[in-house]
Every structure is written in structure tokens, then in C-alpha cells.
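Colleague: What shape does this take:
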Amino acid sequence: MPADSNTAGFSIQSSNDGHVAVVAVAGELDVTTAPALATAIDQQVASTPSALIVDLSAVSFLASAAMTVLATTQKDHGDTLAYSVVADGPTTSRPIKLMGLDQEFALHADLESALAALD
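Modeller: Have a look, this model is predicted:
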């Protein structure tokens, strides 16, 4: 079931086919928008998918608050579902790698590779 959130250049689009939940974020992901990401993730996890992908490919800024949400998701749900993050480039994947979070969850350059890794 799709879910949408759009506030001043920030948006979250969620989809769930019953097996894979995708939470796609666009815009700045900072201390004011990270709670919306956490809520969208919680809503998707509540439907008990076998996999969760957080797609950050359209994110223009990634703050530590958002990285905390990503790490907490792995901590809370990594044992019960396949969890991965789509991030590529200096805005998203670089800070994730600098913080060592790529050692905590799967990191993919695009949604297609994240989906393919589930097969």
C-alpha cells in the first residue's frame, strides 16, 4: 500500500508488495525530517515484509539524525527481515561509509541492484 509524505521539497514514497517494502526519500534528510523517515519505516515494518529497502538516491542532504534512523532500523529489525539501503555518491553513500554503517547493513548503488540482491 503506497503512502506519501511531502513537505517543502521533502517527500517520502512508500510501497509494499507484501514481500518487499520500499521507502524512497527525496530532499533533505535532517533532524526535522528524520522522524518522518522513522515513521514511514515503522509503518512498513508493521506489515511484516520479508525485506525492507530504504532508497536515498534522491536525497540531497543526509544528516546524522537520519543515519541514526538507518542504524536503529538495522538494530531493531535486521534479524527479522532483509534490510538494505540505496545510496550512491558523496551526499549519501560517503557519510554512510565514513560512519562505518556500510558494515552494519547492505548498501547498494541503485534500487535495481538492491532488489536483485534479494533473489
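
Colleague: contacts and neighbour counts: CA atoms only from here.
Modeller: Noted.

Colleague: Indicate each strand paired with the longest strand along the chain and its parallel or antiparallel sense.
Modeller: Criterion DSSP state E: the longest strand present in the chain is strand 51-62. According to DSSP bridges, strand 51-62 has the following sheet partners: strand 20-29 (parallel), strand 82-86 (parallel).

Colleague: Tell me the gap between the shortest one and the middle of its chain.
Modeller: What it means is strand 82-86. 7 Å (Cα atoms, centre = their mean, to the nearest Å).

Colleague: So for the chain, the centremost residue is which one?
Modeller: For the chain, Val54 is the residue whose C-alpha lies nearest the centre (Cα atoms, centre = their mean; 2.1 Å).

Colleague: dump the residue contacts of that residue.
Modeller: 22-25, 84-86 (Cα atoms under 8 Å, 6 or more residues apart in numbering).

Colleague: Show me which residues of stretch 48-58 are buried.
Modeller: Neighbour counts over stretch 48-58 (16 or more other Cα atoms under 10 Å) mark 48-49, 51-58 as buried.

Colleague: circling back: and the next helix or strand past the longest strand of the chain?
Modeller: Stepping forward along the backbone from strand 51-62, the first helix or strand reached (DSSP states H and E) is helix 64-77.

Colleague: any weak-confidence spans in this protein?
Modeller: 1-8 (pLDDT under 70).

Colleague: for Ser93, phi and psi?
Modeller: Phi and psi for Ser93, reported as degrees, to the nearest 10, are phi -70, psi -30.

Colleague: Isn't it up against Val85?
Modeller: No: the pair Ser93 / Val85 is not scored as a contact, 9.3 Å apart, by Cα atoms under 8 Å.
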